[in-house]
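K.L.:
okay, structure incoming, though there's no sequence with it:
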């Protein structure tokens, strides 16, 4: 066809009039030049900005500090279990943050402390024939637990303030450290709240004085959360992530490990109800409970929901079921992990988890059959922490690489 100039135009762009109907392939040089000459900078075509540098890594000293703190929390949990097993937790009948740090020294001070203890139900109902020497033993047990708790608090707060001032904590790590320090303070208050439940008069109860199993479970549960969070954060800072291919099997293994860790935590928490109700002293046989697989008084309380938390038979039955489910899940997790090519350290974590689980089951059965001797029961309680640690280690080994 003919263009506006009268000459042939076939859309090739070679004729001057083709500019009227063909789209431009780019800006004209003069126009582009005017855009680029504004203030010596480009207008709409800015030079790409440099990417912000990645955040500085948190020093390894912070990770080692958190691992040390988790060890201190583990010591407090073990010492608290021994205090409970020796029935020493109600020997100190008041709570002062600083004043009680100085123990009685003279005979008069000890006698005054003993007289305070004699005013409460545990002495009148359970320990009415206790001597001053025997009182000193249970008092020092509770005193050691409280002082260790203060040491744990200082182990968190003082280094946290130092690292914060030195600028060694990233912004997410600051939030984590604040949460851990707050949980430590809450744990101390929760401990006294638990002890108060055992000092209260209960005229309608004919049972021996003991702390509320609900408050005991809350006290232990918060300690386990503090321990797990400190250990996980410390391992995450110190253990390098493995370059693992994100296959479907690895994803299933990671989810399986997380679920197993939650089951270990729940089983350990159920042990608080066993301890709080002395449920280990009923049905001291295994695998059956007495002569039956399911005891007659499993649902003796009304309403039915009360049995889960207040019936010693049901509490022990639940703890058995959770223990068996935990060791079964860990065995399946180990066998599944053998089918996936994993680094040597990850395989060690899986094998350690299975070994600790078998040891913990043996300790639990032995504690039950031997009517809960204090050394064996304390070892069983410590084993729950070891099992939780191994589960967290394996979960840390299977962490996903950051995108």
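P.N.:
That came in fine, so what should we check first? Every value quoted in this text rests on a predicted model; they were computed, and no experiment measured them.

K.L.:
all helices for the stretch 251-400 of the chain, in order.
P.N.:
Counting by DSSP state H, counting those that start in this stretch, the stretch 251-400 of the chain has helices at residues 306-310, 312-337, 344-369, 374-397.

K.L.:
pick the most deeply packed of the ones you listed.
P.N.:
For the helices of the stretch 251-400 of the chain, the largest average neighbour count (mean count of other CB atoms under 10 Å) is found in helix 374-397, namely a mean of 21. C-beta coordinates here come from the backbone N, C-alpha and C atoms, glycine included.

K.L.:
report the rounded mean pLDDT for that helix.
P.N.:
Averaging pLDDT along helix 374-397 gives 97.

K.L.:
and the pLDDT for residue 203?
P.N.:
70.

K.L.:
what about it, neighbour count?
P.N.:
By other CB atoms under 10 Å, 6 other residues sit near residue 203.

K.L.:
please apply the same query to residue 234.
P.N.:
Using other CB under 10 Å: residue 234 sits among 23 other residues.

K.L.:
tell me the helices and strands packed up against the helix or strand containing it.
P.N.:
Element membership of residue 234 [criterion: DSSP states H and E] is helix 213-238. Here helix 213-238 touches helix 60-85, helix 171-199, helix 248-276, helix 306-310, helix 374-397, going by 3 or more CB pairs under 8 Å, 6 or more residues apart in numbering; DSSP states H and E.

K.L.:
how about that helix: buried residues?
P.N.:
Neighbour-count burial for helix 213-238, counted by 16 or more other CB atoms under 10 Å, picks out 213, 215-235, 237.

K.L.:
so where's the stretch 201-350 of the chain uncertain?
P.N.:
Scanning the stretch 201-350 of the chain for pLDDT under 70 picks out 204-206.

K.L.:
one more time with 90
P.N.:
Residue ranges of the stretch 201-350 of the chain with pLDDT under 90: 201-210, 240-246.

K.L.:
gap between residue 236 and residue 218?
P.N.:
As judged by CB to CB, to the nearest Å, residue 236 and residue 218 stand 27 Å apart.

K.L.:
and what of residue 161?
P.N.:
Counting by CB to CB, the gap from residue 161 to residue 218 is 28 Å.

K.L.:
again with residue 337
P.N.:
As defined by CB to CB, residue 337 lies at a distance of 34 Å from residue 218.

K.L.:
residue 125 too?
P.N.:
Residue 125 is 25 Å from residue 218, by CB to CB.

K.L.:
kindly report the same for residue 113.
P.N.:
Separation of residue 113 from residue 218 (CB to CB) stands at 28 Å.

K.L.:
buried residues in stretch 71-91?
P.N.:
Neighbour counts over stretch 71-91 (16+ other CB under 10 Å) mark 71-74, 76-85, 87-91 as buried.

K.L.:
wait, stretch 185-199
P.N.:
187, 188, 190, 191, 194, 195, 196, 197, 198, 199.

K.L.:
just stretch 137-156 next, same as before
P.N.:
So, applying 16+ other CB under 10 Å, buried residues of stretch 137-156: 138-139, 141-143, 145-146, 148-149, 152-153, 155-156.

K.L.:
got the contact list for residue 148?
P.N.:
72, 75, 76, 79 (CB atoms under 8 Å, 6 or more residues apart in numbering).

K.L.:
off-centre distance for the helix or strand where residue 113 lies?
P.N.:
For residue 113, the host element (DSSP H and E) is helix 107-118. Relative to the centre of its chain, helix 107-118 is centred 39 Å away, using CA atoms, centre = their mean, to the nearest Å.

K.L.:
pull the residues that contact it.
P.N.:
Helix 107-118 has contacts (CB under 8 Å, 6+ apart) with 91, 93, 94, 104, 123, 124, 132, 135, 136, 139.

K.L.:
measure the nearest residue to residue 212 once chain neighbours are set aside to residue 217 for me?
P.N.:
Leaving aside its sequence neighbours, residue 212 sits nearest to residue 197 (CB to CB, 6 or more residues apart in numbering; 3.9 Å). As judged by CB to CB, residue 197 and residue 217 stand 12 Å apart.

K.L.:
can you check which helix is longest in the chain?
P.N.:
For the chain, the longest helix by residue count, based on DSSP state H, is helix 132-166.

K.L.:
pLDDT of that helix, averaged?
P.N.:
96.

K.L.:
tilt between that helix and helix 171-199?
P.N.:
160 degrees (axes from the mean of the first three to the mean of the last three CA atoms, to 10 degrees).
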